[in-house]
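**Q** Predicted model and sequence below, questions to follow.
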Amino acid sequence: MKYSVDWIDDHVRMLDQRLLPHEEQYLDLTTSDEVAEAICNMTVRGAPAIGVAAAYGVVLAAQGAPETERETAVRRALDVLGQTRPTAVNLFASLRRMNRVLDECPGEGLLDALTREALSIHQEEIEASQHISKAGASLIPHGATVLTHCNAGMIATAAHGTAIGIILEAHRQGKIRLIIVSETRPLLQGARLTAWELVRAGAPATLICDSMVGHVMSRGHIDCVVVGADRIASNGDVANKIGTYSIAVLARAHHIPFYVAAPYSTIDTSIRDGDSIEIEQRNATEVVELSGQRVAADGVQVYNPAFDVTPHHLVTAIISERGILKAPFRRGLKTLAGNPGGRRK
Ligand code: MRU
């Protein structure tokens with residue numbers, strides 16, 4: 001198994017990210033409903049990986065239906081998968097592409113056409129993350145200590161990773177002194193997943209609680225921040241895991257560059273700014289419990305937004321496979337939209 005999500009012969013195989021770092025278990029999924037459930041319960045997570053999984057989910061729907069009912073089954077799957085998680089735009093970008101195939105190739109060749117499209121969505125993510133890793137590593141200074149939040153690595157992309165791809169490429173180039181990983185409450189993607197990926201890769205990683213970021217920055221211990229994204233608006237506002245905005249504010253206060261790495265599929269040119277990004281609200285149990293153990297006082301109310309929006313003026317650069325953008329982002333993102341192959345470094 002090469003990636004966290006893969007198409008194996010006639011089904012989807014995915015790493016169950018909920019069990020990490022204790023168990024590395026792969027699940028074989030054969031229906032689109034199973035894929036939808038896996039996205040909702042975060043068996044698969046991370047914006048690009050969700051997009052890839054959803055595309056394969058549509059193929060499963062087509063495959064499981066007799067030819068006369070295929071179109072209806074695919075439409076239903078598009079609908080169900082589209083209601084799984086609202087913030088990461090890669091999901092909707094993938095489903096839009098699968099929908100286009102349905103519109104253009106109804107009938108006999110539909111299953112093959114959908115399979116080809118899903119495989120190319122995945123392949124494009126793989127290539128994008130390779131380009132992002134190389135381009136982004138050029139921004140990392142020699143001897144750097146880099147902070148990253150949440151998990152934007154291999155498992156989040158079903159590819160080579162975006163933020164973690166950059167950090168590991170810089171590590172291969174001998175530039176990294178240390179990677180500071182913020183734990184990422186409530187679901188601990190930093191502590192459970194990023195720490196696991198970095199330790200496996202033999203990279204020097206130190207875990208801190210989210211509340212320690214300001215202190216660590218104030219002591220001059222961080223040279224730059226690199227994070228992923230779930231959706232980037234036309235003006236460069238960035239939705240990413242809850243806590244990212246606080247880190248960006250702290251980075252600005254300490255004059256530390258704040259880099260966002262994301263494939264072009266994460267850029268949503270249909271929205272003007274981050275105010276239009278729907279922020280997923282998740283279950284209260286994620287906040288009141290730690291590993292299934294209640295830690296909060298009974299009866300307390302909970303607020304659990306899964307993402308926040310970092311305004312573009314706090315972002316130093318956006319690194320995509322189409323190039324590295326600095327402010328003003330609106331103009332740059334518009335140029336990238338018309339330049340699918342270009343400006344790769
Ligand atoms: O709720 P999650 O774990 O799916 O959130 C993931 C993130 O916020 C990642 O930083 C983002 O999707 C980028 S992954 C390359």
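**A** Perfect, I can see it now. Since the model is a prediction, treat every value here as computed from it, not as a measurement.
**Q** what about the residue of the stretch 101-250 of the chain found nearest the ligand, distance to N90?
**A** Taking C-beta to the nearest ligand atom, the ligand has its nearest neighbour within the stretch 101-250 of the chain at G228, 2.8 Å off. Yep, even glycine has a C-beta here, placed from its N, CA and C like the rest. Counting by C-beta to C-beta, to the nearest Å, the separation of G228 from N90 is 11 Å.
**Q** Comparing those two, which residue is more hemmed in?
**A** Comparing G228 with N90 by other C-beta atoms under 10 Å, the one with more neighbours is G228, at 32 against 29.
**Q** Would you mind confirming that the residue of the stretch 101-250 of the chain closest to the ligand is in contact with V238?
**A** No: the pair G228 / V238 is not scored as a contact, 9.3 Å apart, by C-beta atoms under 8 Å.
**Q** Return every residue with contacts to both of those two.
**A** Shared contacts of G228 and V238, defined by C-beta atoms under 8 Å, 6 or more residues apart in numbering, are found at V260.
**Q** Mind listing the shared neighbours of G228 and N90?
**A** A47.
**Q** SS state for P141?
**A** Under DSSP: H, G, I helix; E, B strand; the rest coil, the three-state class of P141 is coil.
**Q** the helices in the stretch 201-345 of the chain, which residues?
**A** With helices called from DSSP state H, counting those that start in this stretch, the stretch 201-345 of the chain shows them at 213-218, 244-253, 285-288, 329-337.
**Q** Could you take those helices and lay them out as JSON lines, with extra columns for distance to the ligand?
**A** As requested, the helices of the stretch 201-345 of the chain are exported to JSON lines (distance: least, C-beta to the nearest ligand atom, whole Å):
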{"stretch": "helix 213-218", "distance to the ligand": "15"}
{"stretch": "helix 244-253", "distance to the ligand": "7"}
{"stretch": "helix 285-288", "distance to the ligand": "10"}
{"stretch": "helix 329-337", "distance to the ligand": "17"}
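**Q** Point out the most buried one among those.
**A** Most buried of the helices of the stretch 201-345 of the chain, by mean neighbour count (mean count of other C-beta atoms under 10 Å): helix 244-253, with a mean of 20.
**Q** Contacts for it, please.
**A** Here helix 244-253 makes contact (C-beta under 8 Å, 6+ apart) with 147, 149-150, 182, 210, 213-214, 217, 222, 225, 227, 238, 256-258, 307-310, 314-315.
**Q** Going by neighbour count, which of the residues you listed are buried?
**A** Taking 16 or more other C-beta atoms under 10 Å as the criterion, what is buried in the contacts of helix 244-253 is 147, 149-150, 182, 210, 213, 217, 222, 225, 227, 238, 256-258, 307-310, 314-315.
**Q** Which one of the helices of the stretch 201-345 of the chain has the poorest average confidence?
**A** Note on the helices of the stretch 201-345 of the chain: helix 329-337 shows the lowest mean pLDDT, a mean of 87.
**Q** possible to save the helices of the stretch 201-345 of the chain as CSV with distance to H171?
**A** Below are the helices of the stretch 201-345 of the chain laid out as CSV (distance: least, C-beta to C-beta, whole Å):
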stretch, distance to H171
helix 213-218, 19
helix 244-253, 21
helix 285-288, 31
helix 329-337, 27
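**Q** Identify the residues contacting the residue nearest to H254 when sequence neighbours are not counted.
**A** Once flanking residues are discounted, H254 sits nearest to M217: 4.3 Å by C-beta to C-beta, 6 or more residues apart in numbering. Neighbouring residues of M217 by C-beta under 8 Å, 6+ apart: L147, L250, A251, A253, H254, I256.
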